[in-house]
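Q: Here's a sequence, model it:
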Amino acid sequence: MFSSVYFVLASSLCAADALPAYARLGAEGRLGEACATLASRAEREDETADPIVLQAYADIQLALGRLIEAEEGYRKAQRAIRQSRDALRIASCRNAGWLAFFQDRFSTAVACFNRVLEEPEASAAQRFESRLGKSLVLLHLGCLGAVGQQLEMLAQTAEQAGAGGFADLAASLRYDARIQHELREAEPLRDHIYWRSAAQGVLPDTFGAIASAPSSASMPLLAQRLEYLAHLQRFAFGAKGHCERLDPHLKWAAASGLAEYHRSLCLEVSVAAVAAQAPHTAETMLGHCRVGNGVAHQHKRWYLEYLYCLSKVRQQQGRGHESTELYGRYALASISHVRADSILMPAVTAEAASPAGAQPRADDVSARLPAKYRRAYRYLMEHLDQRDLSVRELAAQIGVTERALQAAFKTHLGLSPSELIRQRRMERIREELTREDGGATGVLDAAHKWGIQHRSTLINSYRKVFQEAPSETLAR
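A: Take a look at the predicted model:
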(Lines give C-alpha, C1' and ligand atoms only; values in the text may rest on other atoms or scores of the structure.)
Protein backbone atom coordinates (compact mmCIF):
# COMPACT_ATOMS: atom_id res chain seq x y z
CA MET A 1 0.00 0.00 0.00
CA PHE A 2 1.26 3.48 -0.82
CA SER A 3 0.64 4.44 2.82
CA SER A 4 3.93 2.88 3.96
CA VAL A 5 5.95 5.93 2.93
CA TYR A 6 3.67 8.35 4.75
CA PHE A 7 3.71 6.18 7.87
CA VAL A 8 7.52 6.01 7.91
CA LEU A 9 7.84 9.75 7.41
CA ALA A 10 5.28 10.56 10.10
CA SER A 11 7.09 8.25 12.52
CA SER A 12 10.38 9.96 11.69
CA LEU A 13 8.92 13.43 12.22
CA CYS A 14 7.40 12.54 15.57
CA ALA A 15 10.69 11.07 16.83
CA ALA A 16 12.93 13.82 15.43
CA ASP A 17 13.69 15.54 18.74
CA ALA A 18 14.48 12.36 20.66
CA LEU A 19 16.04 10.31 17.83
CA PRO A 20 17.59 12.68 15.27
CA ALA A 21 19.68 9.98 13.57
CA TYR A 22 16.65 7.73 13.05
CA ALA A 23 14.58 10.69 11.84
CA ARG A 24 17.24 11.68 9.31
CA LEU A 25 17.63 8.14 7.97
CA GLY A 26 13.85 7.68 7.75
CA ALA A 27 13.44 10.99 5.92
CA GLU A 28 16.13 9.91 3.45
CA GLY A 29 14.51 6.51 2.87
CA ARG A 30 17.46 4.57 4.29
CA LEU A 31 15.22 2.16 6.16
CA GLY A 32 17.75 -0.64 6.57
CA GLU A 33 20.17 1.74 8.26
CA ALA A 34 17.38 3.23 10.37
CA CYS A 35 16.43 -0.26 11.51
CA ALA A 36 20.05 -1.12 12.35
CA THR A 37 20.50 2.15 14.24
CA LEU A 38 17.64 1.28 16.58
CA ALA A 39 18.09 -2.49 16.82
CA SER A 40 20.75 -2.72 19.52
CA ARG A 41 18.99 -0.20 21.75
CA ALA A 42 15.57 -1.74 21.18
CA GLU A 43 16.68 -5.25 22.09
CA ARG A 44 17.71 -4.36 25.64
CA GLU A 45 15.69 -6.12 28.32
CA ASP A 46 16.71 -3.95 31.29
CA GLU A 47 14.97 -0.98 32.85
CA THR A 48 16.87 1.50 30.68
CA ALA A 49 14.76 0.62 27.64
CA ASP A 50 13.46 3.80 26.02
CA PRO A 51 9.80 3.62 24.88
CA ILE A 52 10.49 6.11 22.07
CA VAL A 53 13.24 3.86 20.68
CA LEU A 54 11.08 0.76 21.05
CA GLN A 55 8.12 2.37 19.30
CA ALA A 56 10.23 3.71 16.43
CA TYR A 57 11.83 0.29 15.97
CA ALA A 58 8.40 -1.35 15.90
CA ASP A 59 7.27 1.24 13.34
CA ILE A 60 10.07 0.25 10.97
CA GLN A 61 9.24 -3.44 11.46
CA LEU A 62 5.60 -2.71 10.65
CA ALA A 63 6.46 -0.76 7.50
CA LEU A 64 8.63 -3.68 6.37
CA GLY A 65 5.70 -6.09 6.78
CA ARG A 66 6.98 -7.83 9.91
CA LEU A 67 3.69 -7.78 11.78
CA ILE A 68 4.56 -10.22 14.56
CA GLU A 69 7.81 -8.42 15.39
CA ALA A 70 6.03 -5.06 15.27
CA GLU A 71 3.28 -6.18 17.63
CA GLU A 72 5.80 -7.50 20.14
CA GLY A 73 7.82 -4.30 19.78
CA TYR A 74 4.79 -2.18 20.58
CA ARG A 75 4.07 -4.28 23.66
CA LYS A 76 7.63 -3.71 24.88
CA ALA A 77 7.32 0.01 24.21
CA GLN A 78 4.13 0.23 26.22
CA ARG A 79 5.64 -1.73 29.12
CA ALA A 80 8.51 0.77 29.18
CA ILE A 81 6.20 3.78 29.61
CA ARG A 82 6.33 4.75 33.24
CA GLN A 83 5.78 8.49 33.34
CA SER A 84 1.97 8.54 33.16
CA ARG A 85 -1.08 6.48 32.39
CA ASP A 86 -2.17 9.13 29.90
CA ALA A 87 0.98 8.50 27.86
CA LEU A 88 0.39 4.75 28.03
CA ARG A 89 -3.22 5.07 26.93
CA ILE A 90 -2.31 7.28 23.97
CA ALA A 91 0.52 4.97 22.89
CA SER A 92 -1.75 1.93 23.19
CA CYS A 93 -4.40 3.50 20.94
CA ARG A 94 -1.83 4.77 18.46
CA ASN A 95 0.00 1.46 18.12
CA ALA A 96 -3.17 -0.65 17.91
CA GLY A 97 -4.48 1.71 15.24
CA TRP A 98 -1.48 1.32 12.96
CA LEU A 99 -1.36 -2.45 13.50
CA ALA A 100 -5.03 -2.67 12.51
CA PHE A 101 -4.46 -0.39 9.53
CA PHE A 102 -1.68 -2.53 8.07
CA GLN A 103 -3.91 -5.60 8.46
CA ASP A 104 -6.79 -3.91 6.58
CA ARG A 105 -8.96 -3.76 9.72
CA PHE A 106 -9.98 -0.24 8.90
CA SER A 107 -12.91 0.33 11.27
CA THR A 108 -10.76 -0.76 14.22
CA ALA A 109 -7.94 1.48 13.01
CA VAL A 110 -10.24 4.50 12.83
CA ALA A 111 -11.67 3.77 16.28
CA CYS A 112 -8.14 3.75 17.70
CA PHE A 113 -7.15 6.95 15.90
CA ASN A 114 -10.34 8.61 17.16
CA ARG A 115 -9.40 7.69 20.72
CA VAL A 116 -6.08 9.49 20.36
CA LEU A 117 -7.87 12.57 19.02
CA GLU A 118 -10.16 12.53 22.05
CA GLU A 119 -7.25 12.52 24.49
CA PRO A 120 -6.65 16.00 25.98
CA GLU A 121 -3.04 15.04 26.74
CA ALA A 122 -2.20 13.97 23.17
CA SER A 123 0.46 16.17 21.58
CA ALA A 124 -0.04 17.95 18.27
CA ALA A 125 2.34 15.46 16.64
CA GLN A 126 0.32 12.51 17.99
CA ARG A 127 -2.87 14.11 16.73
CA PHE A 128 -1.24 14.61 13.34
CA GLU A 129 -0.38 10.91 13.13
CA SER A 130 -3.97 9.97 13.94
CA ARG A 131 -5.39 12.39 11.37
CA LEU A 132 -2.94 11.00 8.84
CA GLY A 133 -4.07 7.46 9.63
CA LYS A 134 -7.72 8.39 9.19
CA SER A 135 -7.00 10.13 5.88
CA LEU A 136 -5.18 7.05 4.60
CA VAL A 137 -8.08 4.79 5.61
CA LEU A 138 -10.52 6.96 3.67
CA LEU A 139 -8.26 6.93 0.61
CA HIS A 140 -7.88 3.15 0.69
CA LEU A 141 -11.64 2.71 0.93
CA GLY A 142 -12.30 5.22 -1.83
CA CYS A 143 -14.33 7.51 0.47
CA LEU A 144 -13.47 10.47 -1.72
CA GLY A 145 -16.30 12.66 -0.50
CA ALA A 146 -15.10 12.45 3.11
CA VAL A 147 -11.37 12.51 2.47
CA GLY A 148 -11.29 16.15 1.37
CA GLN A 149 -12.55 17.36 4.74
CA GLN A 150 -10.21 15.01 6.58
CA LEU A 151 -7.26 16.38 4.59
CA GLU A 152 -8.28 19.90 5.61
CA MET A 153 -8.22 18.79 9.25
CA LEU A 154 -4.83 17.19 8.67
CA ALA A 155 -3.43 20.47 7.33
CA GLN A 156 -4.76 22.34 10.36
CA THR A 157 -3.21 19.80 12.72
CA ALA A 158 0.09 20.11 10.85
CA GLU A 159 0.13 23.83 11.60
CA GLN A 160 -0.39 23.08 15.29
CA ALA A 161 2.46 20.55 15.23
CA GLY A 162 4.82 23.33 14.09
CA ALA A 163 7.99 23.11 12.03
CA GLY A 164 9.72 19.94 10.96
CA GLY A 165 7.90 18.84 7.83
CA PHE A 166 4.36 18.14 9.07
CA ALA A 167 2.85 20.70 6.68
CA ASP A 168 4.85 19.27 3.76
CA LEU A 169 3.60 15.78 4.55
CA ALA A 170 -0.03 16.94 4.73
CA ALA A 171 0.23 18.87 1.46
CA SER A 172 1.93 15.92 -0.24
CA LEU A 173 -0.83 13.52 0.75
CA ARG A 174 -3.39 15.89 -0.74
CA TYR A 175 -1.35 16.03 -3.96
CA ASP A 176 -1.03 12.23 -3.94
CA ALA A 177 -4.78 11.80 -3.49
CA ARG A 178 -5.45 14.15 -6.41
CA ILE A 179 -3.12 12.23 -8.73
CA GLN A 180 -4.68 8.89 -7.72
CA HIS A 181 -8.14 10.32 -8.43
CA GLU A 182 -7.13 11.81 -11.80
CA LEU A 183 -5.59 8.54 -12.98
CA ARG A 184 -8.79 6.62 -12.30
CA GLU A 185 -10.91 9.32 -13.92
CA ALA A 186 -9.08 8.88 -17.24
CA GLU A 187 -11.36 7.94 -20.14
CA PRO A 188 -9.84 4.46 -20.77
CA LEU A 189 -10.73 3.58 -17.16
CA ARG A 190 -14.36 4.67 -17.39
CA ASP A 191 -15.54 1.13 -16.55
CA HIS A 192 -13.51 0.91 -13.31
CA ILE A 193 -16.81 0.53 -11.47
CA TYR A 194 -15.46 0.20 -7.94
CA TRP A 195 -13.64 3.54 -8.01
CA ARG A 196 -16.12 5.31 -10.28
CA SER A 197 -18.96 4.53 -7.86
CA ALA A 198 -16.92 6.00 -4.99
CA ALA A 199 -16.08 9.11 -7.04
CA GLN A 200 -19.67 10.09 -7.81
CA GLY A 201 -20.45 13.52 -6.41
CA VAL A 202 -16.81 14.41 -5.74
CA LEU A 203 -16.28 18.11 -6.39
CA PRO A 204 -13.40 19.27 -8.62
CA ASP A 205 -11.76 21.17 -5.76
CA THR A 206 -11.94 18.29 -3.25
CA PHE A 207 -8.17 17.86 -3.36
CA GLY A 208 -7.26 21.48 -4.07
CA ALA A 209 -5.17 22.90 -6.88
CA ILE A 210 -2.58 20.71 -8.55
CA ALA A 211 -0.40 23.24 -10.35
CA SER A 212 2.77 21.82 -8.83
CA ALA A 213 3.98 19.36 -6.22
CA PRO A 214 4.45 20.68 -2.66
CA SER A 215 7.86 21.50 -1.23
CA SER A 216 9.64 18.62 0.51
CA ALA A 217 13.21 19.85 0.84
CA SER A 218 13.60 18.47 4.36
CA MET A 219 12.53 14.92 3.37
CA PRO A 220 14.30 13.38 0.37
CA LEU A 221 12.07 10.29 0.48
CA LEU A 222 8.97 12.44 0.16
CA ALA A 223 10.60 14.37 -2.68
CA GLN A 224 11.25 11.04 -4.41
CA ARG A 225 7.59 10.04 -4.03
CA LEU A 226 6.40 13.38 -5.41
CA GLU A 227 8.78 13.23 -8.38
CA TYR A 228 7.53 9.72 -9.11
CA LEU A 229 3.90 10.94 -8.99
CA ALA A 230 4.63 13.80 -11.38
CA HIS A 231 6.16 11.39 -13.91
CA LEU A 232 3.28 8.95 -13.36
CA GLN A 233 0.72 11.62 -14.22
CA ARG A 234 2.57 12.72 -17.36
CA PHE A 235 3.00 9.12 -18.51
CA ALA A 236 -0.71 8.37 -17.99
CA PHE A 237 -1.80 11.35 -20.06
CA GLY A 238 0.39 10.82 -23.10
CA ALA A 239 4.05 11.59 -22.36
CA LYS A 240 5.31 8.02 -22.69
CA GLY A 241 8.94 9.09 -22.32
CA HIS A 242 8.28 9.57 -18.61
CA CYS A 243 7.75 5.83 -18.08
CA GLU A 244 11.44 5.04 -17.63
CA ARG A 245 11.73 7.83 -15.06
CA LEU A 246 9.50 5.80 -12.75
CA ASP A 247 12.15 3.09 -12.36
CA PRO A 248 14.32 4.67 -9.62
CA HIS A 249 11.48 4.78 -7.11
CA LEU A 250 10.38 1.25 -7.97
CA LYS A 251 13.93 -0.02 -7.52
CA TRP A 252 14.30 1.83 -4.21
CA ALA A 253 11.11 0.23 -2.85
CA ALA A 254 12.25 -3.27 -3.85
CA ALA A 255 15.75 -2.77 -2.43
CA SER A 256 14.35 -1.38 0.84
CA GLY A 257 12.25 -4.48 1.50
CA LEU A 258 8.92 -2.65 1.26
CA ALA A 259 7.13 -5.50 -0.51
CA GLU A 260 3.60 -4.14 -0.10
CA TYR A 261 4.64 -0.66 -1.17
CA HIS A 262 6.48 -2.05 -4.21
CA ARG A 263 3.34 -3.93 -5.22
CA SER A 264 1.27 -0.77 -4.87
CA LEU A 265 3.75 1.08 -7.11
CA CYS A 266 3.49 -1.66 -9.74
CA LEU A 267 -0.30 -1.37 -9.65
CA GLU A 268 -0.15 2.43 -9.90
CA VAL A 269 2.08 2.18 -12.96
CA SER A 270 -0.26 -0.44 -14.42
CA VAL A 271 -3.23 1.91 -13.99
CA ALA A 272 -1.27 4.72 -15.64
CA ALA A 273 -0.23 2.40 -18.49
CA VAL A 274 -3.84 1.38 -19.11
CA ALA A 275 -4.75 5.07 -19.24
CA ALA A 276 -1.86 5.66 -21.68
CA GLN A 277 -2.89 2.70 -23.88
CA ALA A 278 0.45 1.00 -23.18
CA PRO A 279 -0.57 -2.63 -22.53
CA HIS A 280 2.97 -4.05 -22.68
CA THR A 281 4.11 -1.80 -19.84
CA ALA A 282 0.98 -2.59 -17.83
CA GLU A 283 1.47 -6.33 -18.31
CA THR A 284 5.11 -6.10 -17.24
CA MET A 285 4.18 -4.22 -14.07
CA LEU A 286 1.41 -6.68 -13.24
CA GLY A 287 3.95 -9.48 -13.55
CA HIS A 288 5.99 -7.83 -10.79
CA CYS A 289 3.01 -8.05 -8.43
CA ARG A 290 3.88 -11.73 -7.87
CA VAL A 291 0.31 -13.02 -7.82
CA GLY A 292 0.45 -16.78 -7.41
CA ASN A 293 -2.26 -19.40 -7.64
CA GLY A 294 -3.32 -19.17 -3.99
CA VAL A 295 -6.62 -17.74 -2.83
CA ALA A 296 -5.44 -15.73 0.21
CA HIS A 297 -4.80 -12.59 -1.82
CA GLN A 298 -8.14 -12.75 -3.62
CA HIS A 299 -9.89 -11.00 -0.72
CA LYS A 300 -7.35 -8.17 -0.63
CA ARG A 301 -8.41 -4.77 -1.87
CA TRP A 302 -5.36 -4.44 -4.14
CA TYR A 303 -6.45 -7.58 -6.01
CA LEU A 304 -9.43 -5.64 -7.40
CA GLU A 305 -7.06 -3.26 -9.17
CA TYR A 306 -4.94 -6.17 -10.36
CA LEU A 307 -7.93 -7.96 -11.94
CA TYR A 308 -9.20 -4.76 -13.51
CA CYS A 309 -5.87 -3.80 -15.04
CA LEU A 310 -5.29 -7.31 -16.37
CA SER A 311 -8.72 -7.31 -18.02
CA LYS A 312 -7.95 -3.95 -19.67
CA VAL A 313 -4.55 -5.19 -20.84
CA ARG A 314 -6.20 -8.16 -22.54
CA GLN A 315 -8.78 -5.83 -24.09
CA GLN A 316 -6.10 -3.52 -25.48
CA GLN A 317 -4.24 -6.58 -26.81
CA GLY A 318 -7.37 -7.66 -28.70
CA ARG A 319 -7.91 -10.77 -26.56
CA GLY A 320 -11.60 -10.14 -25.98
CA HIS A 321 -12.62 -13.49 -24.48
CA GLU A 322 -9.94 -13.36 -21.78
CA SER A 323 -10.75 -9.72 -21.09
CA THR A 324 -14.44 -10.47 -20.58
CA GLU A 325 -13.71 -13.37 -18.23
CA LEU A 326 -11.31 -11.27 -16.13
CA TYR A 327 -13.66 -8.31 -16.04
CA GLY A 328 -16.46 -10.58 -14.82
CA ARG A 329 -14.26 -11.73 -11.93
CA TYR A 330 -13.40 -8.11 -11.19
CA ALA A 331 -17.08 -7.09 -11.17
CA LEU A 332 -18.02 -9.88 -8.76
CA ALA A 333 -15.14 -8.99 -6.46
CA SER A 334 -16.18 -5.33 -6.61
CA ILE A 335 -19.71 -6.19 -5.50
CA SER A 336 -18.30 -8.18 -2.59
CA HIS A 337 -16.12 -5.26 -1.50
CA VAL A 338 -18.92 -2.73 -1.92
CA ARG A 339 -21.12 -4.81 0.38
CA ALA A 340 -18.34 -5.00 2.96
CA ASP A 341 -17.67 -1.28 2.57
CA SER A 342 -21.34 -0.44 3.18
CA ILE A 343 -20.90 -1.90 6.67
CA LEU A 344 -17.57 -0.16 7.26
CA MET A 345 -18.46 3.28 5.90
CA PRO A 346 -20.62 4.58 8.79
CA ALA A 347 -17.89 3.78 11.31
CA VAL A 348 -15.10 5.13 9.14
CA THR A 349 -16.74 8.35 7.94
CA ALA A 350 -18.73 9.34 11.05
CA GLU A 351 -16.01 11.45 12.66
CA ALA A 352 -14.93 12.98 9.36
CA ALA A 353 -17.75 15.47 9.79
CA SER A 354 -17.81 15.54 13.60
CA PRO A 355 -15.67 17.09 16.31
CA ALA A 356 -13.06 15.03 18.10
CA GLY A 357 -15.43 14.33 20.97
CA ALA A 358 -17.68 12.10 18.91
CA GLN A 359 -17.99 8.49 19.95
CA PRO A 360 -16.38 6.14 17.44
CA ARG A 361 -18.70 3.46 16.14
CA ALA A 362 -16.15 0.68 16.11
CA ASP A 363 -14.50 -0.71 19.23
CA ASP A 364 -10.82 -0.06 19.80
CA VAL A 365 -10.43 -1.73 23.21
CA SER A 366 -10.55 -5.35 22.00
CA ALA A 367 -7.73 -4.60 19.57
CA ARG A 368 -5.52 -3.45 22.44
CA LEU A 369 -6.13 -6.30 24.91
CA PRO A 370 -4.62 -9.82 24.90
CA ALA A 371 -7.10 -12.52 23.89
CA LYS A 372 -7.70 -13.77 27.43
CA TYR A 373 -8.70 -10.35 28.70
CA ARG A 374 -10.94 -9.62 25.73
CA ARG A 375 -13.39 -12.08 27.29
CA ALA A 376 -13.53 -9.92 30.40
CA TYR A 377 -14.11 -6.86 28.25
CA ARG A 378 -16.91 -8.57 26.32
CA TYR A 379 -18.56 -9.50 29.61
CA LEU A 380 -18.17 -5.90 30.79
CA MET A 381 -19.93 -4.58 27.69
CA GLU A 382 -22.73 -7.15 27.91
CA HIS A 383 -23.47 -6.24 31.55
CA LEU A 384 -22.75 -2.52 31.42
CA ASP A 385 -26.29 -1.65 32.48
CA GLN A 386 -26.01 -3.56 35.76
CA ARG A 387 -25.25 -1.09 38.52
CA ASP A 388 -23.47 -3.69 40.69
CA LEU A 389 -21.01 -4.73 37.96
CA SER A 390 -17.64 -5.12 39.70
CA VAL A 391 -13.99 -5.81 38.99
CA ARG A 392 -14.26 -9.00 41.06
CA GLU A 393 -17.07 -10.23 38.81
CA LEU A 394 -15.03 -9.54 35.67
CA ALA A 395 -11.98 -11.34 37.08
CA ALA A 396 -14.06 -14.36 38.06
CA GLN A 397 -15.40 -14.67 34.51
CA ILE A 398 -11.93 -15.39 33.11
CA GLY A 399 -10.41 -17.10 36.14
CA VAL A 400 -7.83 -14.50 37.19
CA THR A 401 -7.31 -12.45 40.31
CA GLU A 402 -8.57 -8.89 40.59
CA ARG A 403 -4.96 -7.77 40.79
CA ALA A 404 -4.08 -9.52 37.53
CA LEU A 405 -7.09 -7.98 35.79
CA GLN A 406 -6.20 -4.52 37.07
CA ALA A 407 -2.60 -4.91 35.92
CA ALA A 408 -3.56 -6.15 32.44
CA PHE A 409 -6.01 -3.32 31.81
CA LYS A 410 -3.60 -0.66 33.06
CA THR A 411 -0.72 -2.11 31.01
CA HIS A 412 -2.60 -2.41 27.73
CA LEU A 413 -5.22 0.34 28.00
CA GLY A 414 -3.84 2.85 30.48
CA LEU A 415 -7.18 2.50 32.32
CA SER A 416 -8.32 0.45 35.29
CA PRO A 417 -11.41 -1.78 34.78
CA SER A 418 -13.44 0.62 36.96
CA GLU A 419 -12.37 3.60 34.86
CA LEU A 420 -13.26 1.74 31.67
CA ILE A 421 -16.70 0.85 33.04
CA ARG A 422 -17.28 4.49 33.93
CA GLN A 423 -16.07 5.72 30.53
CA ARG A 424 -18.23 3.29 28.57
CA ARG A 425 -21.28 4.15 30.66
CA MET A 426 -20.77 7.85 30.01
CA GLU A 427 -20.52 7.15 26.28
CA ARG A 428 -23.78 5.19 26.33
CA ILE A 429 -25.48 7.98 28.26
CA ARG A 430 -24.24 10.50 25.70
CA GLU A 431 -25.67 8.36 22.90
CA GLU A 432 -29.04 8.39 24.67
CA LEU A 433 -28.93 12.18 25.00
CA THR A 434 -27.96 12.81 21.36
CA ARG A 435 -30.30 10.40 19.58
CA GLU A 436 -31.43 11.83 16.25
CA ASP A 437 -34.67 9.84 16.04
CA GLY A 438 -36.49 12.17 18.41
CA GLY A 439 -36.24 9.65 21.23
CA ALA A 440 -33.75 11.52 23.39
CA THR A 441 -34.43 10.79 27.05
CA GLY A 442 -33.95 12.78 30.25
CA VAL A 443 -30.55 12.95 31.90
CA LEU A 444 -31.43 10.95 35.01
CA ASP A 445 -33.41 8.37 33.05
CA ALA A 446 -30.41 7.79 30.79
CA ALA A 447 -28.11 7.53 33.81
CA HIS A 448 -30.34 4.99 35.55
CA LYS A 449 -30.57 2.92 32.37
CA TRP A 450 -26.78 2.54 32.38
CA GLY A 451 -26.25 1.77 36.04
CA ILE A 452 -25.54 5.28 37.41
CA GLN A 453 -27.73 6.03 40.42
CA HIS A 454 -26.32 9.25 41.85
CA ARG A 455 -26.55 12.64 40.18
CA SER A 456 -23.16 13.82 41.50
CA THR A 457 -21.45 10.69 40.15
CA LEU A 458 -23.06 11.27 36.77
CA ILE A 459 -22.11 14.95 36.49
CA ASN A 460 -18.51 14.51 37.66
CA SER A 461 -17.86 11.45 35.50
CA TYR A 462 -19.57 12.90 32.43
CA ARG A 463 -17.66 16.17 32.67
CA LYS A 464 -14.38 14.28 33.01
CA VAL A 465 -15.01 12.39 29.76
CA PHE A 466 -16.69 15.08 27.62
CA GLN A 467 -15.66 18.39 29.27
CA GLU A 468 -19.30 19.44 29.63
CA ALA A 469 -22.34 18.65 31.77
CA PRO A 470 -25.01 16.20 30.53
CA SER A 471 -27.55 19.03 30.49
CA GLU A 472 -25.36 20.95 28.03
CA THR A 473 -25.30 17.95 25.70
CA LEU A 474 -29.07 17.57 25.91
CA ALA A 475 -29.63 21.28 25.21
CA ARG A 476 -27.80 21.21 21.86
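
Q: quick one: low-confidence ranges for the stretch 201-350 of the chain?
A: 201-213, 215-217, 292-298, 341-350 (pLDDT under 70).

Q: tell me, what residue is most central in this protein?
A: Closest to where the C-alpha atoms of the chain average out (CA atoms, centre = their mean) is G133, at 3.6 Å.

Q: Return the residues in contact with it.
A: Under the criterion of CB atoms under 8 Å, 6 or more residues apart in numbering, the contact partners of G133 comprise 97-98, 101, 109-110, 113. All C-beta atoms are positioned from the backbone trio N, CA, C, and that covers glycine.

Q: The residues you listed into TSV, with extra columns for neighbour count and secondary structure?
A: Compiled in TSV, the contacts of G133 are given as follows (neighbours: other CB atoms under 10 Å; DSSP: H, G, I helix; E, B strand; the rest coil):
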residue	neighbour count	secondary structure
G97	28	helix
W98	26	helix
F101	24	helix
A109	28	helix
V110	30	helix
F113	30	helix
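
Q: If we only consider the residues you listed, which is nearest to T411?
A: Comparing the contacts of G133 against T411 with CB to CB picks out G97 as the nearest, at 17.8 Å.

Q: wouldn't that closest one be in contact with A109 here?
A: Yes. With contact defined as CB atoms under 8 Å, G97 reaches A109; the gap is 4.9 Å.

Q: if we can go back for a sec, distance of the residue nearest to the residue nearest to the centre of the chain when sequence neighbours are not counted from T473?
A: Here the nearest residue to G133 in space, its sequence neighbours aside, is F113; by CB to CB, 6 or more residues apart in numbering that works out to 4.6 Å. As for F113, its distance to T473 is 23 Å (criterion: CB to CB, to the nearest Å).

Q: Over to L222?
A: In this structure, L222 lies at 42 Å from T473, with CB to CB as the measure.

Q: Show me which of these two is the more surrounded one.
A: The neighbour count for L222 versus T473, taken as other CB atoms under 10 Å, is higher for L222 (27 against 19).

Q: Now do the same contact list for the more buried one.
A: When the contact criterion is CB under 8 Å, 6+ apart, the partners of L222 are 5, 9, 27, 165, 168-169, 172, 216.

Q: Helix or strand: which one has it?
A: Secondary-structure element containing L222, defined by DSSP states H and E: helix 220-236.

Q: buried set for that helix?
A: By neighbour count with 16 or more other CB atoms under 10 Å, helix 220-236 contains the buried residues 221-236.

Q: now, the most widely separated pair of the contacts of G133?
A: W98 and V110 (11.7 Å).

Q: hang on, the earlier thing: mind putting the contacts of L222 in a markdown table, secondary structure included?
A: Converted to a markdown table, the contacts of L222 look like this (DSSP: H, G, I helix; E, B strand; the rest coil):
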| residue | secondary structure |
| --- | --- |
| V5 | helix |
| L9 | helix |
| A27 | helix |
| G165 | coil |
| D168 | helix |
| L169 | helix |
| S172 | helix |
| S216 | coil |
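
Q: For these, give me a markdown table that also has neighbour count.
A: Shown next, in a markdown table, are these (neighbours: other CB atoms under 10 Å):
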| residue | neighbour count |
| --- | --- |
| V5 | 27 |
| L9 | 26 |
| A27 | 23 |
| G165 | 23 |
| D168 | 21 |
| L169 | 26 |
| S172 | 24 |
| S216 | 22 |
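
Q: Which of those residues sits closest to T157?
A: Nearest to T157 out of those is L169 (CB to CB; 10.7 Å).

Q: ok, that closest one - contacts?
A: Neighbour list for L169: 6, 9-10, 13, 132, 158, 219, 222 [criterion: CB under 8 Å, 6+ apart].

Q: Break the protein down into its domains, please.
A: Here the domain parsing of the chain from automatic domain parsing is 3-205+216-352, 369-475.

Q: Pick the most buried one from those.
A: Counting by mean count of other CB atoms under 10 Å, domain 3-205+216-352 has the highest mean neighbour count of those, with a mean of 19.

Q: Chain neighbours aside, what residue packs nearest to P470?
A: Distances taken as CB to CB, 6+ apart put V443 closest to P470, at 4.5 Å, once the chain neighbours are dropped.

Q: Distance check, that neighbour against L389.
A: With distances taken as CB to CB, V443 is found 21 Å from L389.

Q: same deal with V8?
A: Counting by CB to CB, the gap between V8 and L389 amounts to 43 Å.

Q: Could you do V274 as well?
A: In this structure, V274 and L389 are 57 Å apart, going by CB to CB.

Q: isn't A167 right up against Q156?
A: No. When contacts are counted by CB under 8 Å, A167 is not listed as touching Q156 (10.2 Å).

Q: Contacts for stretch 329-345 next, please.
A: 106-107, 141-143, 193-194, 197, 298, 301, 303-304, 307-308, 311.

Q: at 10 Å instead, please
A: Stretch 329-345 is contacted by residues 105-107, 110, 137-138, 141-143, 146, 191-195, 197-198, 298-301, 303-312, 348, 361-362 when judged by CB atoms under 10 Å, 6 or more residues apart in numbering.

Q: How far off centre is stretch 363-375?
A: 19 Å (CA atoms, centre = their mean, to the nearest Å).

Q: for the record, mean pLDDT for that stretch?
A: Per-region confidence: stretch 363-375 scores 87 on mean pLDDT.

Q: same check, this time on stretch 75-87
A: Confidence over stretch 75-87, taken as the mean pLDDT, stands at 88.

Q: Stretch 135-152 now?
A: The pLDDT scores in stretch 135-152 average 85.

Q: rewinding a little: determine the residues that are contacts of both of G97 and A109.
A: Taking CB under 10 Å, 6+ apart as the contact rule, the neighbours common to G97 and A109 are 130, 133-134, 137, 364, 367.

Q: just the buried residues of helix 220-236 now: which is nearest I429?
A: L222 (44.3 Å).
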